[in-house]
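# Could you look at this predicted model? Sequence included:
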Amino acid sequence: MLNKENNVKQLVKILIGAAWIDGKTQPEERAYLNKIAQEKGVATPEIYSLLHESKQVQPAECYEWLKEYLGDVPNLEDYQKLLESISALIYSDGDVDTEEAKLLTQLQSLDPENKSPQPSHNAVLKEIQKLYRRWVEGQN
């Protein structure tokens with residue numbers, strides 16, 4: 001597991017990768033990412049270049065960061081924080097692209113509490129919607 005500062009930085013990098021997963025970042029996603037980077041205090045040159053689109057993140061890179069962040073045996077707290085953060089980002093523009101849905105499905109399969117090997121796609125989306133609603137309510 002990464003130390004706390006690297007953990008936060010890695011989480012922000014994953015979010016940036018998730019924003020790029022469909023090949024482009026939406027204005028709402030960029031606004032959300034800028035807010036998170038400032039709140040978390042991780043607006044480093046590396047994060048800045050990723051945030052301001054001077055370096056596009058490839059899907060494979062995002063999945064690699066995801067794997068590094070969670071490790072071989074995901075910690076439930078880290079997993080839930082990651083799932084909530086990615087869900088909030090993906091729903092920030094009001095549209096879920098196919099690649100974003102694949103990312104969420106892949107992430108759901110890594111759930112430390114998940115006992116079934118293949119959750120249904122609808123169950124994944126319902127869980128994401130619940131998490132997003134909770135996040136929106138927390139913002140008000």
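Ah, there it is.
# ok, the spatially most central residue of the chain to residue 45 distance?
In the chain, the residue lying closest to the centroid (C-alpha atoms, centre = their mean) is residue 86, at 2.7 Å. Taking C-beta to C-beta, to the nearest Å as the measure, residue 86 falls 24 Å from residue 45. Using the backbone N, CA and C atoms, a C-beta is placed for each residue, glycine as well.
# Which element, helix or strand, includes residue 63?
Using DSSP states H and E, residue 63 sits in helix 59-70.
# could you give the mean pLDDT of that helix?
What helix 59-70 shows for mean pLDDT is 91.
# Tell me the helix or strand right after it.
Toward the C-terminal end, the helix or strand that comes next after helix 59-70 (DSSP H and E) is helix 76-91.
# List the buried residues for that next one?
Neighbour counts over helix 76-91 (16 or more other C-beta atoms under 10 Å) mark 78-79, 82-91 as buried.
# Give me the distance from the helix or strand where residue 7 lies to the chain's centre.
Taking DSSP H and E as the criterion, residue 7 maps to helix 4-20. From the chain centre to the centre of helix 4-20 is a distance of 7 Å (C-alpha atoms, centre = their mean, to the nearest Å).
# JSON lines please, covering the buried residues of helix 76-91 and showing distance to residue 8 and pLDDT.
Formatted as JSON lines, the buried residues of helix 76-91 follow (distance: C-beta to C-beta, whole Å; pLDDT from 0 to 100):
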{"residue": "78", "distance to residue 8": "11", "pLDDT": "86"}
{"residue": "79", "distance to residue 8": "15", "pLDDT": "89"}
{"residue": "82", "distance to residue 8": "11", "pLDDT": "90"}
{"residue": "83", "distance to residue 8": "16", "pLDDT": "90"}
{"residue": "84", "distance to residue 8": "14", "pLDDT": "90"}
{"residue": "85", "distance to residue 8": "11", "pLDDT": "90"}
{"residue": "86", "distance to residue 8": "15", "pLDDT": "91"}
{"residue": "87", "distance to residue 8": "18", "pLDDT": "89"}
{"residue": "88", "distance to residue 8": "16", "pLDDT": "89"}
{"residue": "89", "distance to residue 8": "15", "pLDDT": "90"}
{"residue": "90", "distance to residue 8": "20", "pLDDT": "87"}
{"residue": "91", "distance to residue 8": "21", "pLDDT": "85"}
